[in-house]
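Novice: kindly return the folded structure for what I paste below:
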Amino acid sequence: MNKKILTLLTCTALFSMPLQSKAQNLETDLHPVFQIVLENNPDIKTNLASIMSAEGQALQAGLRPNPQAIMEFENFGGDDDFSGVDGAELTLGVEQEIEIAGKRTYRKDVANYALAAAKQEAVSQILATLASTHQSYAGYVIAQERLRLAERRLALADKTHEAVKKRVSTAAASDIQHTKVDIEQKAAAIEKAQAIEELASAKAQLERILASGVDQINEGSGFLQTAFDVPEKEQLIKALENLPQAEMMKLKELQAQSNIELAKAYGVPNPTIGLGIRRFNETDSNAFMATLSIPIPISDRNQGNIAQARAERIVAESENRSTLLSLQEASEKVYQQLLAASQEVKSYKNDIIPSAQKAYEQASEGYNSGRFSFLELLDAQRTLYEMQEAQLDSLLKLHQAKAQADFLMNAHAHLIQQTISLKTGDQK
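Specialist: Below you'll find the predicted structure:
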């Protein structure tokens, strides 16, 4: 086999399966995947159930105390005039505890803040799940591309090995060339085995999040080449103000303040009033009766719960501030990661891969003309493969950073709110 045929085999194997893609909207690519996750993922079902639990607590908080039915039967079965039931007295009535000092109002405020916080927490958790979905889907698609790349490399190594073997047998190539391609063939086989293992792991991770098989999602060949803009740093920072985590912490702080007012209100005892009718058997007559009872707050004025509520407000304020600082730190970090990954991807696409491909083509031409050795051609081939592998690494980093940026910008809020409204409404 001559040099031109060997070079043709190399070029065909290396470039016959480029990354396929047609740029489209990233949301369009991810929407079907997100829909499956929102429908099936058990963590999201847990998040939605937490909202319904808080709704139940809010309903309970607005209910008034139930009245108590009272029946008293006195002065019977004793001595002398009370030996029978002739002197007995029968009382039938009802008692009602009256909540004062705004207890019911404050209790409802606390529960409503808790409900609002639960909704924001659920949105935050679902956002995190969607971010993980984006990252896992990207990892799965890239693992598929790694396997395709490894298969192309192995196919190339097999063909090159066979070609060099024939050339060595005819003394047209040296033994060292055979040794080199033999090493390349074995390394390519190892790369393919690793790619298969990586794809299996990525598939299992994605199926765990989907809670279903990957056969339900479309082929993601165009996903990696979908273009998207890097948000401005100011956009990321501004988005933090309305982020579910930030809203949740604000609501918890308001809830803590209402808890103080509620604890103070419980320090004021509730009166209990009663109204009934009493039957006097001895005189065969009836009479109405009324009662009023009020606990005397001598020692228990709910001081302990008031102190606890005040401490919890300090905790809520501190956690609110801490959360905001953490989000600001995460925003800065994600922005830098997204910017660096975006520049890296562009560099591979516009400069590195074209340069590596050009170097390989030049090495092929030089090998054909006798200016370069086979080992130099092999080195150029290996460099191109390594750059293609590194390009996939940069794409994975870009999508990981993009998923985090979407999380911090509450990018899928509309889709999540639709899911919450639909799912919680179905359960009522």
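
Novice: just give the number of residues close to residue 286.
Specialist: A count of nearby residues for residue 286, using other Cβ atoms under 10 Å, gives 10. C-beta here means a position set from N, CA and C on the backbone, and glycine is covered the same way.

Novice: would you confirm that residue 143 contacts residue 199?
Specialist: Yes - with contact taken as Cβ atoms under 8 Å, residue 143 and residue 199 are classed as touching, separated by 4.1 Å.

Novice: so residue 228 sits in a strand?
Specialist: No - counting by DSSP: H, G, I helix; E, B strand; the rest coil, residue 228 falls outside a strand, being coil.

Novice: what sits closest to it if chain neighbours are left out?
Specialist: When the adjacent residues along the chain are set aside, residue 228 lies closest to residue 26, with 4.8 Å between them (Cβ to Cβ, 6 or more residues apart in numbering).

Novice: and residue 143 and residue 199? which has more neighbours close in?
Specialist: residue 143 (23 against 20).

Novice: returning to what we had before: list the contacts for the residue nearest to residue 228?
Specialist: 223, 226, 228, 402 (Cβ atoms under 8 Å, 6 or more residues apart in numbering).

Novice: now, which of those residues sits nearest residue 186?
Specialist: Taking Cβ to Cβ as the measure, residue 223 is the one of the contacts of residue 26 closest to residue 186, at 32.3 Å.

Novice: model confidence for residue 161, exactly?
Specialist: Residue 161 is assigned a predicted lDDT (pLDDT) of 69.

Novice: could you do residue 13 as well?
Specialist: As summarised for this prediction, residue 13 has a pLDDT of 43.

Novice: can you check the one 3 residues further on too?
Specialist: We note a pLDDT of 40 for residue 16 in this prediction.

Novice: again with the one 4 residues further on
Specialist: On the pLDDT scale, residue 20 is placed at 40.

Novice: again with residue 72
Specialist: Residue 72 is assigned a pLDDT of 93 by the prediction.

Novice: so who does it touch?
Specialist: With the criterion set at Cβ under 8 Å, 6+ apart, residue 72 makes contact with 89, 90, 91.

Novice: I figured residue 106 hits residue 262, correct?
Specialist: Yes - with contact defined as Cβ under 8 Å, residue 106 and residue 262 form a contacting pair (3.9 Å).

Novice: could you look up the SS state of the nearest residue to residue 349 once chain neighbours are set aside?
Specialist: Taking Cβ to Cβ, 6+ apart, and ignoring the residues beside it in sequence, residue 349 has residue 391 as its nearest neighbour in space, at 7.4 Å. Secondary structure state of residue 391, per three-state DSSP, is helix.

Novice: could I get the contacts of residue 26 as a markdown table with pLDDT, neighbour count and distance to residue 74?
Specialist: Converted to a markdown table, the contacts of residue 26 look like this (pLDDT from 0 to 100; neighbours: other Cβ atoms under 10 Å; distance: Cβ to Cβ, whole Å):
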| residue | pLDDT | neighbour count | distance to residue 74 |
| --- | --- | --- | --- |
| 223 | 76 | 23 | 83 |
| 226 | 72 | 18 | 85 |
| 228 | 77 | 16 | 83 |
| 402 | 94 | 24 | 79 |
